[in-house]
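Participant: Predicted model and sequence follow; I will ask about them next.
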Amino acid sequence: MVRYRSAEKKLAREQRKLSRCEKGSRNYQKQKKRVALCHEKIKNQRKDFHHKLSHDLAEKYDAVCV
């Protein structure tokens, strides 16, 4: 399992690779998919954290005021 911070570092590395690719080439398209997968993974990690945190707060307290 990849941790959040290391996933961010991997995203940065993959984006650097993408910036060095020639636009429109096959390798550019493949790298663009890799970057999109990194973004999706980070998005899912954030969503999972927020869901777990809100569930924990809802279980722990009777009322939550904002």
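Facilitator: Sure, I can see it. Residues are numbered from 1 along each chain as shown.
Participant: What helix or strand is the residue nearest the centre of the chain located in?
Facilitator: Residue closest to the mean C-alpha point of the chain, counted by C-alpha atoms, centre = their mean, is residue 42 at 1.1 Å. Using DSSP states H and E, the element containing residue 42 is helix 26-60.
Participant: Can you tell me which helices and strands that helix packs against?
Facilitator: Using 3 or more C-beta pairs under 8 Å, 6 or more residues apart in numbering; DSSP states H and E as the contact test, the elements touching helix 26-60 are helix 4-20. Where you see a C-beta, it was placed from the backbone N, CA and C, and this is true even at glycine.
Participant: Pull out the buried residues from the helix it packs on.
Facilitator: Buried residues in helix 4-20, counted by 16 or more other C-beta atoms under 10 Å: 7, 10-11, 14, 18.
Participant: now the angle from that helix to helix 26-60?
Facilitator: 160 degrees (axes from the mean of the first three to the mean of the last three C-alpha atoms, to 10 degrees).
Participant: contacting residues around the residue sitting furthest away from the middle of the chain?
Facilitator: Using C-alpha atoms, centre = their mean, the residue of the chain lying farthest from its centre is residue 62. It sits 31.9 Å away. For residue 62, the contact set (C-beta atoms under 8 Å, 6 or more residues apart in numbering) is empty.
Participant: ok, back up a step: name the nearest of the buried residues of helix 4-20 relative to residue 51.
Facilitator: Nearest to residue 51, judged by C-beta to C-beta, of the buried residues of helix 4-20 is residue 7 at 17.3 Å.
Participant: Wait, that closest one touches residue 43, no?
Facilitator: No - using C-beta atoms under 8 Å, residue 7 is not in contact with residue 43; the gap is 10.3 Å.
Participant: circling back: need the buried residues of helix 4-20 in a markdown table (columns: pLDDT and distance to residue 37).
Facilitator: Converted to a markdown table, the buried residues of helix 4-20 look like this (pLDDT from 0 to 100; distance: C-beta to C-beta, whole Å):
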| residue | pLDDT | distance to residue 37 |
| --- | --- | --- |
| 7 | 96 | 11 |
| 10 | 97 | 10 |
| 11 | 97 | 10 |
| 14 | 98 | 9 |
| 18 | 98 | 12 |
